[in-house]
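Enquirer: Next input, structure requested:
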Amino acid sequence: MANLNAGSAHPIDLGFHALADATRRAVIQKLHHGEAAATELAEPFDMALPTFLKHLKVLEAGGLITTRKEGRRRICRLEREQLARLSGWINAYEADWRGRLDRMDAMFEEGE
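Expert: Residues are numbered from 1 along each chain as shown. Take a look at the predicted model:
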């Protein structure tokens, strides 16, 4: 697992870093349905719980989830606002490139 320094990295970098791993994306997908205990989230994965908890820490550092203790359980919740920020960042670049491609198409049509 690659490690970004949470103290010096930009929040958007931490968010995309968190989404760069299939295990963490699966956790995000599961949390779309609602809060879940860390142990419940870990069940489908063939890894030790301490290893899985490192994935949760990366998601938390990326602002994509929050966790809280309820007795002996750690409950995880999706932070939809951070997911929306990441999506907005991608959408802004997509709109820019779409505009560039449209202008290029127009130039080619004028040249014909």
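Enquirer: which helix in the protein runs the most residues?
Expert: helix 80-111 (DSSP state H).
Enquirer: Which strands or helices does it pack on?
Expert: Helix 80-111 sits against helix 11-19, with contacts defined as 3 or more C-beta pairs under 8 Å, 6 or more residues apart in numbering; DSSP states H and E. In short, each C-beta sits where N, CA and C put it, glycine included.
Enquirer: would you say G63 is within a strand?
Expert: No. Using DSSP: H, G, I helix; E, B strand; the rest coil, the assignment for G63 is coil, not a strand.
Enquirer: which residues does it contact?
Expert: Contact analysis of G63 by C-beta atoms under 8 Å, 6 or more residues apart in numbering lists P11, L14, G15, E79, Q82.
Enquirer: Give me the below-cutoff pLDDT ranges for this structure.
Expert: For the chain, the stretches flagged by pLDDT under 70 are 1-8, 95-96, 112.
Enquirer: Once you drop chain neighbours, what's closest to the one residue sitting closest to the centre of it?
Expert: The centroid of the chain falls nearest to L19 when counting by C-alpha atoms, centre = their mean (3.7 Å). Leaving aside its sequence neighbours, L19 sits nearest to R25 (C-beta to C-beta, 6 or more residues apart in numbering; 5.9 Å).
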